[in-house]
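**Q** Below: sequence and its predicted model.
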Amino acid sequence: MSGPLLALRAVTKAFSVPGAAPVEVLKGVDLDLESGASLAIMGPSGSGKSTLLNLIGALDLPDGGTLAYKGESIRELTEAQRAALRNREIGFVFQLHHLLPQCTALENALVPRLAFKKKVDAEDVKRAERLLERVGLGPRRDALPGILSGGERQRVALVRALVSRPALLLADEPTGSLDAKGSREILDLLLELVREEGLSLITVTHAPSVALRMDRRMELVDGRLRPG
Amino acid sequence: MKSLLSFAVRGFRYHFRSHLGTLLACAVTTTAIVGALVVGDSLRGSLADQARRRLGAATHTLATGERLFRAALAEDLAAHGDLKTASVLELSATLSGEGGRLRVGGKVTGVDKHFWRLAPRPWVPSKFGGEAVAINAACAAKLSLAPGDELILRIDLPGVLPRDVPFAASETPFTMRRVTVANILTEDQFGSFDLAMAQTSGARVFMDREALAELLGKAGKANLLLVAATGGSISALEKSLAAAWRLSDLGLAITNIPGGGRELRSEHIFLDPRIEAAALAAGNDGAPGGLPRGKPVFTYFVNRLGTATRSTPYSMVAAPGEPLVASGTPDDAILINDWLAADLGAQPGDALDLAYWAFDDRRRLVEKTNRFRIQRILPLAGAAADASLMPDFPGLADTASCNDWHPGIPVDLKKIRPKDEAYWEAHRGTPKAFLTLAAARGLWSNAFGASTAVRWSGGGSNDAVLLEKLILAQLTPAAAGFAFKPAAAQARQGAAGSVDLGGLFLGLSLFLVGASLLLTALLAGFAIERRRDEIATLRALGFPASRIRLAFLGELALVSLFGGILGVAVAVLYDAAILSALNSVWGGAVAFAVLTLHLVPLTVVSGFVSSFVCGLAAGTVALQGALRPPIQKLRTGEARRGTGRKPAFIALGLGLAILLGALIGNLVDGGRHVSPVFFLAAVGALAASLAAVRLLFSRRAASRPELGRLSFILLGALRNRGRSLATIMLLSVGVFMVVGVSLYREDPRGAVGELASGSGGFAVVGEFTLPIAADLRDEKIRKRLGLTGKEWESARLTPMRRLEGDDASCLNLHRVKAPPILGVDSAAFAERGAFHFAAVEKGSAGNPWSLLGPPRGGAIPVIADESVLTWNLGKSVGDTIEMADERGEKFHLRVVAALSDSIFQGNLLMEERELLKHFPSVGGTRLLLIDAPRASIPGLSNSLHGALRDFGPQIETAPDRLARFTVVQNTYLTVFLALGGLGLILGSAGFAVVLLRNLEERRGEWALLRATGFSGQRLRRFAMIEHSLLLALGLGIGGLSAAVAAIPSLGFAIPWATALAVFSGCAVVGFASVILAAFAGKQARPLDSLRLE
Ligand SMILES: Nc1ncnc2c1ncn2[C@@H]1O[C@H](COP(=O)(O)OP(=O)(O)O)[C@@H](O)[C@H]1O
Ligand SMILES: [Mg+2]
């Protein structure tokens, strides 16, 4: 593959709150990410980490600068194309799992497959089952989220993020709501899976212990990324 | 506790906005419960008030119609029974104001001071008597009269016989009188006096009874007795009456006859068989006096007595019995006097033809001739020269000369020769020929009697006073047509019968209550769920769960309390609106508001309390659910998957059982209780289908097929089963309420004019206040009356006689016991094959009209409108109705068929012969049906209005008449529809709240799903399909329940089209709002929601 997986140049983002002056959260972010690489983004709360991650995940568009995925500027894409891009290339893990309470672990893991087709196929199911097995939830595949522990739920969320074989996994404080032991387990799993699947990974985290396990660390300060 | 209360108060005040929805739902519950109860109270209370206003202090009435009794009977009765009584002379009349152009049918009521003492508020009018009359408000309104105005009365003269019976004099049946309005009576002053149990009261003029009686030439007479007998039984009243009455009260008199005997004769020409029997039995039962046995005598007017060559016109022929006609005389023998023998040149042994007018059982006049053999010729002397044998034929007995004759039968005065005139002058109506009694009865017996007198011969102790006593001792008042009616008690019963309307209202309201309670639970749940953090904090602060619950319960109690107070206030307004809508039914036909608001404190309080309790209970259920932490909820949900099915199975079984029970019950019961069946069937259908949905839900949730978009959407609906089910329930109840009610809405103009429609194909229907004696089918009679013109050539007339009664149409809110009965020529109706029948007695073939006729199985067949049977009489096809005939004798009617809404609404229909047999005093055309081309309707109406104005005509086209009835039904239905609309609004509100709540709850998930590549468009579509599914289930179940509930009413013409339109309306609005909510609702941007950490 030629060129980086992801390239951000002078990306800016501002939010305007009614009745107040616009707040420029990102003031010119530059970033390159090779495929297969992992990166930790750190920074104080409210510094714009999530904002940046959302831009990278094509959930939102930057105000200025360019953001290219595999050399293709996401600004050129329509909303539908961006949705397709997310579905195909990018997996998300958030601090909150947002599992559907009415769906079993397996079903939750499979939900992203329905974004572009009417029914999941056998191969999807096989992959989801394999991943659940992999994260140690094989016996819990038919459990509803309500009876799973916080760590288990987050593991389901992880499987869900991976089920569509993305090239890039974005994790926004994935262990934020877990205790130390749970965090460690999840993080181990995350890193193992990223390695196994050959993914790129960007993690937003406050925990230096987490950051230390990534290839690179950067810090978001005053709207700009700096090596940390 | 105090601190907890203040805690609750503070919570209530602070979270008032989030409680507002729950509070409003509680208010709706209270409004529905209190509203329905108050409507019921108001209906009952208004009718009870009305009964008091109609009857004043009178508890019993005795009406004798055209047969007058002594006005003094009232005082005599009062003396014998320690009662308050009043004699009244009440007659039909047409009333017209100044100029006389506008005429209305009404009543003239002759009263005295005793009457005013029975008024709701006893009083004594100051200006009353002679020309000064009082009128009721209806009369004042209809003729725009004010005190001081003049008024012309055309009063129906009571005849000796019903007006259409031959021999009833044919002179003009009215007396005219100009009077002055002195007073317009208020209700308290007896302005609403009326015997009829109905809302509408006609115009009425009150005048001095004696002045009225004298005007009619009936001084000292009355025909209505009002009795105020608190606690008195009818038998006690009859006993008092039996002690007080006299023969003259029955139109009977004892007179001396030549030769020293006495005779009992009747004003009404013929002696009623029961009177005759009583007279014959008098003194023969061992009573003192030693009376000789009486004998019946029959004298009749014959047209012609003739031999082969000569004839004598218009003579009396008598059956005087012994000694004139010796026992053993053959029945074909005739004895003639020597005047007749000379006139005819007849000899003993000659044949003598006797021609006379007879009338058949439909009162059609026919001339008949019978041949007799002359047995003997008697000298015109002694017993053979007895002019008193002639009964008091009106128009004959009272005339000096033959030229003045005007009997009720056709006579050709030209046939009267000078010698006949001379005979009349010398011998009056002395019979010229004599027959045996058996022969006379064979020729002349009729519905009114089989003799004209009973005679006692010889002198001795048979003085008139004793004879009178002995005869009266043989009669019971009821047998003599003196039947007391417990009018006040009947009015009370009739008022209680109105519960049907209130019951319907309550039934529908219960559905509304169910819906509002569901909504209460939903909204309360949402409001509490929003405060999870607060609950968590309280828990963290060490509050025990029970205390937290108590605090929230306190808040809910306040919500329910204030909701209830608001609900009561709204209920009062809402009831006022409903009552005024119902009042509009009677429009100008009533002077005072028929229905007024009756707020019974006990009802209001109990309604308030029960709705408070229900609201609190609903809130508690929600609280229980909301306080359970979400995870635990899901856990138990998981654990119980499968077990939740048992109650659903029970509900399904129970629902089906109720539904089946209702339908079978309806079959067994023959459709007598349409509204309970309707509601039960609906409850059953709703419960069964909701349980079925619940079962489907749990099956679906348990089965877990491979994930696809559709099953994903379904899973969304299953996510909160209780909420989804509640939504479906709310929607289905709302839809059921409007669609169910609309099923009963009728199109007044449907298929009018066709034979098979409610108009029977008739073009014009005329009703007359005063009966028309003449047969309007006769062209000559029409000419004489002035009913001429081209229109009349092609018009075919069907005149109908009617027994008056309590109107049993939908205009009457009372439950009616004695409806009016119309006489039907069943053969003609069967041949016409008109009208549409909703139901016909099982096992009968041919045209339903031909089922009418003589009694079968001890009951006379009758037909009535289905709606009349169901609502006013509480009967159905196959039922029997007990009635008392004119002589107080009980007999039975059986309903053999039910008409779909027809122009006969309010009446029973009976074969005319049977009607006249049981009610001989019914006479004259009261209803006139006319077949005519459409184009001649205006002409016919005009000439009827003009020529028959003295009879108080009400002429309308058949479609208009039908529309008048359907307007009433539809007014009721509009009120119900409004109630149904309220249900639908609740259902929609619940649906909308759930929809928005669902969208709000899922924002986080939606955001995540968008992150995984779902477009917002797709997610919205998912939500739309999911909620459309709920909507469709709600619509389907509601519509299905309405259709199932309507099964028992299939006999009625169900306006499926209207119902379908209402249903489609619900569907369109529902789906449109789903789409709107899903798309126009604030779009959850993924970022906002993911940020929710
Ligand atoms: N949609 C938005 N509208 C307004 N302000 C926003 C929005 N999203 C983020 N912000 C603001 O941008 C800043 C950065 O937020 P965020 O990226 O969530 O920070 P972090 O993830 O580093 O804690 C914050 O001050 C936040 O208030
Ligand atoms: Mg963040």
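**A** Yep, that arrived. Ligands and ions are numbered 1, 2, ... in the order given.

**Q** Worst mean pLDDT across the helices and strands of chain B, which element?
**A** Least confident helix or strand of chain B, by mean pLDDT, DSSP states H and E, is helix B:630-640 with a mean of 43.

**Q** Can you name the residues that contact residue 74?
**A** Going with chain A. A:58, A:61, A:67, A:68, A:82, A:85 (CB atoms under 8 Å, 6 or more residues apart in numbering or on different chains). The way it works is simple: take the backbone N, C-alpha and C, and place the C-beta from them, glycine included.

**Q** oops, chain B please
**A** Residue B:74 neighbours (CB under 8 Å, 6+ apart): B:85, B:86, B:87, B:114, B:222, B:225.

**Q** One more: residue A:222?
**A** Contacts of residue A:222 (CB under 8 Å, 6+ apart): A:27, A:47.

**Q** Please parse chain B into its domains.
**A** Per the record, chain B has its domains at B:1-59+B:486-632, B:67-245, B:248-476, B:750-965, by automatic domain parsing.

**Q** can you tell me which of those domains comes nearest to residue B:1004?
**A** Smallest distance to residue B:1004 across the domains of chain B (CB to CB): 13.2 Å, for domain B:1-59+B:486-632.

**Q** and the lengthiest helix in chain B, does that touch chain A?
**A** Using DSSP state H, we find that the single longest helix of chain B is helix B:958-1001. No: using CB under 8 Å from any CB of the partner chain, helix B:958-1001 never reaches chain A; the gap is at least 9.8 Å.

**Q** partner strands of the strand or helix carrying residue B:94, parallel or antiparallel?
**A** Secondary structure from DSSP states H and E places residue B:94 in strand B:84-96. Using DSSP bridges, the strands paired with strand B:84-96 are strand B:103-111 (antiparallel), strand B:150-156 (antiparallel), strand B:224-228 (antiparallel).

**Q** Export it to CSV, keeping only CA atoms.
**A** Provided in CSV are the C-alpha atoms of strand B:84-96 (Å, rounded to 0.1, in the frame of the first residue of the first chain):
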residue,chain,number,x,y,z
LYS,B,84,-107.3,14.1,46.6
THR,B,85,-109.0,14.0,43.3
ALA,B,86,-109.8,16.1,40.3
SER,B,87,-112.2,15.6,37.4
VAL,B,88,-110.8,16.7,34.1
LEU,B,89,-112.4,16.9,30.7
GLU,B,90,-109.6,16.5,28.2
LEU,B,91,-110.2,16.6,24.4
SER,B,92,-108.2,16.9,21.3
ALA,B,93,-108.4,20.2,19.5
THR,B,94,-106.9,22.2,16.9
LEU,B,95,-105.7,25.6,18.1
SER,B,96,-105.2,28.7,16.1
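
**Q** residue closest to the middle of chain A?
**A** Closest to where the C-alpha atoms of chain A average out (CA atoms, centre = their mean) is residue A:170, at 2.0 Å.

**Q** quick one: that residue and residue A:13, what's the gap?
**A** 16 Å (CB to CB, to the nearest Å).

**Q** can you check residue B:352 too?
**A** As judged by CB to CB, residue B:352 and residue A:13 stand 132 Å apart.

**Q** How about residue B:969?
**A** 69 Å.

**Q** ditto for residue B:951
**A** According to CB to CB, residue B:951 and residue A:13 sit 95 Å apart.

**Q** who has more neighbours, these two?
**A** When residue B:951 and residue A:13 are compared for neighbours, residue B:951 comes out ahead with 29 against 22, by other CB atoms under 10 Å in any protein chain shown.

**Q** Tell me how many other residues crowd whatever residue of the stretch 51-200 of chain B ends up closest to chain A.
**A** Of all residues in the stretch 51-200 of chain B, residue B:199 sits closest to chain A, at 58.3 Å by CB to the nearest CB. Using other CB under 10 Å, residue B:199 has 22 other residues around it.

**Q** which non-adjacent residue is nearest it?
**A** residue B:594 (4.5 Å; CB to CB, 6 or more residues apart in numbering or on different chains).

**Q** Isn't that neighbour up against residue B:46?
**A** Yes: look at residue B:594 against residue B:46 with CB atoms under 8 Å: they come within range, at 6.4 Å.

**Q** Just want the most central residue of chain B.
**A** Central residue of chain B (CA atoms, centre = their mean): residue B:808, at 1.7 Å.

**Q** So what's the residue count around residue A:73?
**A** So residue A:73, with other CB under 10 Å, has 11 neighbours.

**Q** Just the pLDDT for it.
**A** Reported pLDDT at residue A:73 in the predicted model: 91.

**Q** Stretch B:407-420: which residues count as buried?
**A** For stretch B:407-420, burial by neighbour count (16 or more other CB atoms under 10 Å in any protein chain shown) applies to B:407, B:408, B:409, B:411, B:416, B:420.

**Q** what is the residue lying closest to residue B:930 once chain neighbours are set aside paired to in the beta sheet?
**A** Nearest residue to residue B:930, sequence neighbours excluded (CB to CB, 6+ apart): residue B:764, at 4.2 Å. Counting by DSSP bridges, residue B:764 is bridged to residue B:930, residue B:957.

**Q** Cheers, nothing more for now.
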